[in-house]
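Asker: here are the coordinates; sequence isn't available:
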């Protein structure tokens, strides 16, 4: 992705990028796409009745991650008060979605990939929170 | 809006709606639309150079409010761990956007309406957080 | 909603609002919220297996309507080339979602309300397209 | 990105992926992130007054591309009637944004990267439309 190059060329940022925050942007977009896809795949499974909670958590996680990728992309004069609770919401959404997907992962490839993407995203959101001086 | 009727007809909810959360959904959508509009109007003002921070805060606020309206609409088995930090992010985004718009409100109708919509949304998000047992 | 007041106060618009386009913005947000809610309610129904297509169409319709409400709010110098195909996508998404929800409407209140919201939104998108000189 | 793996594991898709559509999903997310970033960088430039139209087109393009990435990810029983006009809206938004960014590209790195991302995304949306049997 091009987030690093783009943010490096921002007039207020030049030379002082927050690399942890930029890494989180890419993970958030990956995770949002994967969760959107996992919800759709779960919905098509014969066992959809057992996958309702997984679908809800996937949809929540996708919405939170998409929005946070936009907030984290925009500098907003260092809008840490908004970015921090959004990253916190992502953490929670990713952890819960990963836990649920992990249950179904032995039987469903999409849930296995999704659990991995959520875990990775949660870890990078934790790093980004630390980089903003917010300890989880 | 139809949020009240829709959520009342949800199989898991029937008869036990969280009215504070539903009120916040409508305020979030209003606020998101108003902020999107205010950013666009600010961008067209002759004084755009002085309105940069206002535009950034408007765009952040719109993104947070749209996403939270979706999360709050979806029950996700009572996904309080995600809804709560999202409402917290809305509070912060609305308060900061309202403070900035209030500076320009004497000269610009769109900033006056936007400041009011953000204050109202922040108040309803506080009520919704309380209704979830989360004190701000 | 406040779309009319906001757009009236835009420096490039004063006095010359496109009322059909503004009416569509409000219908798009209503429809997006209702579709998000209907997807979540369908997912909780005992007959979820028969409601998969309804859920997919609800989710598509919500995404298209949310995005179009933002594009239609923003003037973008009269960005008709983008607004027009977005309104066209809304029309298609709303018509298909309404047709599917209408099948389930006799048994489910949420599908009945959703079918009505989609029909109303489709009609207002058609009016907005006409107002932009695009005949459907 | 993981779109290829995820969609390959979808129960209704296994073995018959539309690779042109999947390629467009990744380009749409890249383009949406880049446009969000370019709008924010333009807003911080000393020459913001000359960049207003660029910012509006960036914001429109980001909204259209994010939404289309979700619609294209979701199969919706082959919801071609909705995906096709969305891809058409992306084409228009990307072409217009690329044309405007190209004007500023000699002086601004973010506009140069953004023009390239928009051109690439437009080309992949054209391929995806062709793959769906829709000629542009």
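Answerer: Good, I have the coordinates. For clarity, every value in this text was computed on a predicted model and none was experimentally measured.

Asker: what pLDDT does the model give the residue most central in space within chain A?
Answerer: A centroid search over chain A (Cα atoms, centre = their mean) returns residue A:28, at 3.3 Å, as the residue closest to the centre. We have a pLDDT of 97 for residue A:28.

Asker: which residues touch it?
Answerer: Contact analysis of residue A:28 by Cβ atoms under 8 Å, 6 or more residues apart in numbering or on different chains lists A:65, A:66, A:68, A:69, A:72, A:90, A:121, A:124, A:125. Yep, even glycine has a C-beta here, placed from its N, CA and C like the rest.

Asker: go with 6 Å
Answerer: By Cβ atoms under 6 Å, 6 or more residues apart in numbering or on different chains, residue A:28 lies in contact with A:65, A:68, A:69.

Asker: distance of the closest residue to the second one other than its chain neighbours relative to residue B:27?
Answerer: Spatial nearest neighbour of residue A:68, excluding adjacent residues (Cβ to Cβ, 6 or more residues apart in numbering or on different chains): residue A:86 at 4.4 Å. The span separating residue A:86 from residue B:27 equals 19 Å under the rule Cβ to Cβ, to the nearest Å.

Asker: those two: who's more crowded?
Answerer: Each of residue A:86 and residue B:27 has its neighbours counted (other Cβ atoms under 10 Å in any protein chain shown); residue A:86 has more, 32 against 24.

Asker: quick one: secondary structure of the residue lying farthest from the centre of chain A?
Answerer: Largest separation from the mean C-alpha position in chain A: residue A:46, at 27.6 Å (Cα atoms, centre = their mean). State at residue A:46, reduced to three classes by DSSP: H, G, I helix; E, B strand; the rest coil: coil.

Asker: spit out the contact partners of it.
Answerer: Contacts of residue A:46 (Cβ under 6 Å, 6+ apart): none.

Asker: let's see it at 10 Å
Answerer: C:49, D:11 (Cβ atoms under 10 Å, 6 or more residues apart in numbering or on different chains).

Asker: touching, the residue nearest to residue A:68 and residue A:125? I think so.
Answerer: Yes: using Cβ atoms under 10 Å, residue A:86 is in contact with residue A:125, at 9.1 Å.

Asker: need the residues touching each of the two.
Answerer: A:28, A:65, A:68, A:72.

Asker: Throw these into JSON lines and include secondary structure, thanks.
Answerer: JSON lines is the format used below for the shared contacts of residue A:86 and residue A:125 (three-state DSSP):
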{"residue": "A:28", "secondary structure": "helix"}
{"residue": "A:65", "secondary structure": "helix"}
{"residue": "A:68", "secondary structure": "helix"}
{"residue": "A:72", "secondary structure": "helix"}
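
Asker: give me the buried entries from the residues you listed.
Answerer: The neighbour-count test (16 or more other Cβ atoms under 10 Å in any protein chain shown) applied to these identifies A:28, A:65, A:68, A:72 as buried.

Asker: which helix or strand contains the closest residue to residue A:65 other than its chain neighbours?
Answerer: Excluding its sequence neighbours, the residue lying closest to residue A:65 (Cβ to Cβ, 6+ apart) is residue A:32, at 3.8 Å. Using DSSP states H and E, the secondary-structure element containing residue A:32 is helix A:19-44.

Asker: flag every buried residue along that helix.
Answerer: Of the residues in helix A:19-44, those buried (16+ other Cβ under 10 Å) are A:20-44.

Asker: how many degrees apart are that helix and helix C:19-43 in direction?
Answerer: 70 degrees (axes from the mean of the first three to the mean of the last three Cα atoms, to 10 degrees).

Asker: would you confirm that residue A:124 contacts residue A:29?
Answerer: No: under the criterion of Cβ under 10 Å, residue A:124 is not in contact with residue A:29, lying 11.4 Å apart.

Asker: quick one: low-confidence ranges for chain A?
Answerer: Scanning chain A for pLDDT under 70 picks out A:14-15, A:76-77, A:135-136.

Asker: residue A:55 and residue A:110 touch, don't they?
Answerer: No: look at residue A:55 against residue A:110 with Cβ under 10 Å: they stay out of range, at 11.4 Å.

Asker: what residues are shared contacts of the two?
Answerer: With Cβ under 10 Å, 6+ apart as the test, residue A:55 and residue A:110 both reach A:38, A:39, A:40, A:41, A:42, A:45.

Asker: find the closest residue to chain B in chain A.
Answerer: residue A:67 (3.5 Å; Cβ to the nearest Cβ).

Asker: show me what contacts that residue?
Answerer: A:28, A:32, A:86, A:89-90, B:60, B:62-68, B:70-71, B:86, B:89, D:66.

Asker: buried stuff in stretch A:98-116?
Answerer: Those buried within stretch A:98-116 under the rule 16+ other Cβ under 10 Å are A:98, A:100-102, A:104-105, A:108, A:110-116.

Asker: contacts for that stretch?
Answerer: By Cβ under 10 Å, 6+ apart, the list of residues contacting stretch A:98-116 from outside reads A:31, A:34-42, A:44-45, A:47, A:50-51, A:53-58, A:61, A:94, A:97, A:117-122, B:77, D:2, D:5-11, D:14.

Asker: span of that stretch from start to end?
Answerer: 7 Å (Cα to Cα, to the nearest Å).

Asker: ok, which of the shared contacts of residue A:55 and residue A:110 also contact chain C?
Answerer: A:39, A:40, A:45 (Cβ under 10 Å from any Cβ of the partner chain).

Asker: relative to residue D:10, how far out is the last one?
Answerer: Shown here: residue A:45 relative to residue D:10, a distance of 9 Å by Cβ to Cβ.

Asker: anything in contact with each of residue A:124 and residue A:29?
Answerer: What both residue A:124 and residue A:29 touch, as defined by Cβ under 10 Å, 6+ apart, is an empty set.

Asker: now residue A:21: how far from residue B:30?
Answerer: For residue A:21 relative to residue B:30 (Cβ to Cβ), the value is 30 Å.
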